[in-house]
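Peer 1: structure for the following, please:
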Amino acid sequence: MTRLLILAIGLVAALPAGVFPGEADVTGVEARQTASRIFHFDVTVRHDDSGWDHYADKWDVLAPDGTVLGTRTLYHPHVDEQPFTRSLSGVAVAEAISEVTVRAHDSVHAYGGKTVTVVLPR
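Peer 2: This next block holds a predicted model:
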């Protein structure tokens, strides 16, 4: 049994990176104000989508206290488009908030990948 486990671990370690998709990472965020305290976000996400069973399925804009200010749902995998950028408009942000954090979510791991914090333009 132990030899079988060691063999299995060795086989997994020999596989190329990206065979097992990990968590979704935010790799870039651009924010612009479109009206008084209303923002548009262009967010770039990286995830080794493998198909409908495991893909980046949304990203969120968060206030410093963790409140979700906006969510962009991603309705399909982006297997052949990595990284990919999607937009979200109409995100209302209170005057007291000067920066937001963007996090990505995938259909298997939920949250946990890299986030990006941006200072909002005035």
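
Peer 1: roughly how far apart are the nearest residue in space to Phe39 that is not next to it in sequence and Val108?
Peer 2: Closest residue to Phe39 apart from its sequence neighbours, by C-beta to C-beta, 6 or more residues apart in numbering: Val91 at 4.7 Å. No exception for glycine: its C-beta is placed from N, CA and C like everyone else's. Val91 sits 27 Å away from Val108, going by C-beta to C-beta, to the nearest Å.

Peer 1: the nearest residue to Leu62 once chain neighbours are set aside pairs with what?
Peer 2: Nearest non-adjacent residue to Leu62, counting by C-beta to C-beta, 6+ apart: Thr101, 4.7 Å away. Beta-bridge pairing for Thr101 (DSSP bridges): Leu62, Thr117.

Peer 1: neighbours around Thr101, how many?
Peer 2: 17 (other C-beta atoms under 10 Å).

Peer 1: where does the residue most central in space within the chain land on pLDDT?
Peer 2: By C-alpha atoms, centre = their mean, the mean C-alpha position of the chain lies nearest to Ala104, the distance being 2.2 Å. On the pLDDT scale, Ala104 is placed at 95.

Peer 1: could you number the chain from 723 rather than 1 from now on?
Peer 2: Happy to do that; since the first residue is 723 now, the last one works out to Ala826.

Peer 1: pretty sure it is in a strand, no?
Peer 2: Yes: assessed by DSSP: H, G, I helix; E, B strand; the rest coil, Ala826 belongs to a strand.

Peer 1: sounds good, over and out.
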